[in-house]
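Peer 1: Pasting the sequence and the predicted coordinates here, then a few questions.
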Amino acid sequence: MNRIQGSVLVLLAVTAMLFVFAPAVPLLGFAGLLLAVALSVPALWLMRLTGCPRWVAVLGVVVCILALAGLAGLTAAAPLAEQAAALAEALPRSFAALRDSLAGSDSLRWVADRLTPADTPDLDAGMAATAAGATLGWIGNAVLVALVGVYLAVAPHDYAAGLRALLHPAVEREAAETLAECGQVLRGWLLGQGFAMLVTGLCTWVGLMLLGVPMAGVLAVIAALLGFIPNIGPVIAAVPAMLLAATVSPWLALWVALLFLVVQFIEGNVLTPLVQQQVADLPPAALLLAQVLMAGAFGLLGVALAAPLAAVGAVIVRRTYAEGWLGRPPTR
């Protein structure tokens, strides 16, 4: 093994060790990279339009996003907050009603027994402390991701040059091309997911409104946000909607399930492939296996980042192993 191959293997080994011994570091760093890619797209457009420096364009995009978020909060926060509070009160009642309905059936009473929580003050206090700690941890992680994303968006070439400096000079050009293709894949993936999330939220809201499901607005927002996680996110989003619909009618719960199934089919088979144009296309089975693997290894954060990580991993494996090591001809 020569120094060229050794430099690549050393970098891969260090990355693997980080995932094993400090998984939060590379995962949060990758989340910051996703944010940087998302900020860079409008920032580049603003640079071409005005000729301003990159850091000015990035900060301008951040200020515009914060302003739009504040405006949306002023106009939609009040009704959504009311619906969210109502949802928080209605879901336990819906869950209790489902448990009581199951308890009334001899064949399903064992399911109701397993859905009955233990009523102990110590357990409730422990769960509250755990929830508070998790909330503070997520807030800290969100701030860290935001800072990393802004720093990477302001000076991406400096960080890319530092990464290439860890490799042998003979493969610096190939490394630059690989990083550029990874950026292209992430931009395509973010574009596809962002468009799919928007359309999913709108379709879900319209469908729930037509079906007469309570709190359709907040349920649609949940469906749109969880649409960031392909395959698994829509299934999670359907659960509270079906629970609320079941309080009205069991048939309404089935119609809600059918609505989510149709929206997911349209999003997964029409919208996302159309927008991504095969830039970050991953086989559904491979993506699902990647999500299961990341869930078992890194939890919720791993599931959320499994799809873009798999897309980037596919590029790196193809360029470094299939084309670089095995000598296969380029497929793109």
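Peer 2: Perfect, thanks for sending it. Numbering: from 1, shown residues only.

Peer 1: right, and residue 61 touches residue 46 too?
Peer 2: Yes. With contact defined as Cβ atoms under 8 Å, residue 61 counts as touching residue 46 (6.7 Å). (C-beta placed from N, C-alpha, C; glycine too.)

Peer 1: the more surrounded of these two?
Peer 2: Comparing residue 61 with residue 46 by other Cβ atoms under 10 Å, the one with more neighbours is residue 61, at 21 against 18.

Peer 1: So the more buried one versus residue 19, what's the distance?
Peer 2: To residue 19, residue 61 is 31 Å away according to Cβ to Cβ, to the nearest Å.

Peer 1: can you check residue 206 too?
Peer 2: Residue 206 is 41 Å from residue 19, where distance means Cβ to Cβ.

Peer 1: cool, and residue 36?
Peer 2: Taking Cβ to Cβ, one finds residue 36 at 20 Å from residue 19.

Peer 1: same thing with residue 183?
Peer 2: When residue 183 is compared with residue 19 (using Cβ to Cβ), they lie 21 Å apart.

Peer 1: Look at these two and report which has more neighbours.
Peer 2: The neighbour count for residue 183 versus residue 19, taken as other Cβ under 10 Å, is higher for residue 183 (18 against 15).

Peer 1: Skipping adjacent residues, who's closest to that one in space?
Peer 2: In this structure, residue 183 finds its nearest non-sequential neighbour in residue 37, 6.4 Å apart by Cβ to Cβ, 6 or more residues apart in numbering.

Peer 1: does residue 55 belong to a helix or a strand, and which?
Peer 2: Taking DSSP states H and E as the definition, residue 55 sits inside helix 54-103.

Peer 1: could you show me where the helices are in the stretch 201-332 of the chain, in order?
Peer 2: With DSSP state H, counting those that start in this stretch as the definition, the stretch 201-332 of the chain shows helices at residue ranges 216-226, 232-248, 250-266, 272-276, 284-316.

Peer 1: Next, the angle helix 216-226 makes with the third one.
Peer 2: This means helix 250-266. On the basis of axes from the mean of the first three to the mean of the last three Cα atoms, to 10 degrees, helix 250-266 is oriented at 40 degrees to helix 216-226.

Peer 1: what does the second one give?
Peer 2: Relative orientation of helix 232-248 with respect to helix 216-226: 160 degrees, computed using the same axes, to 10 degrees.

Peer 1: do the same with the last one
Peer 2: Counting by the same axes, to 10 degrees, helix 284-316 lies at 50 degrees to helix 216-226.

Peer 1: Tell me, how many residues neighbour residue 302?
Peer 2: A count of nearby residues for residue 302, using other Cβ under 10 Å, gives 20.

Peer 1: what do you get for the one 10 residues further on?
Peer 2: Burial of residue 312, expressed as a neighbour count using other Cβ under 10 Å, amounts to 23.

Peer 1: so it touches residue 184, yeah?
Peer 2: No. Taking contacts as Cβ under 8 Å, residue 312 lies outside contact range of residue 184: 10.6 Å.

Peer 1: which other helices and strands contact the helix or strand residue 188 falls within?
Peer 2: Using DSSP H and E, residue 188 sits within helix 172-211. Under the contact criterion of 3 or more Cβ pairs under 8 Å, 6 or more residues apart in numbering; DSSP states H and E, helix 172-211 touches helix 24-50, helix 156-164, helix 216-226, helix 232-248, helix 250-266, helix 272-276, helix 284-316.
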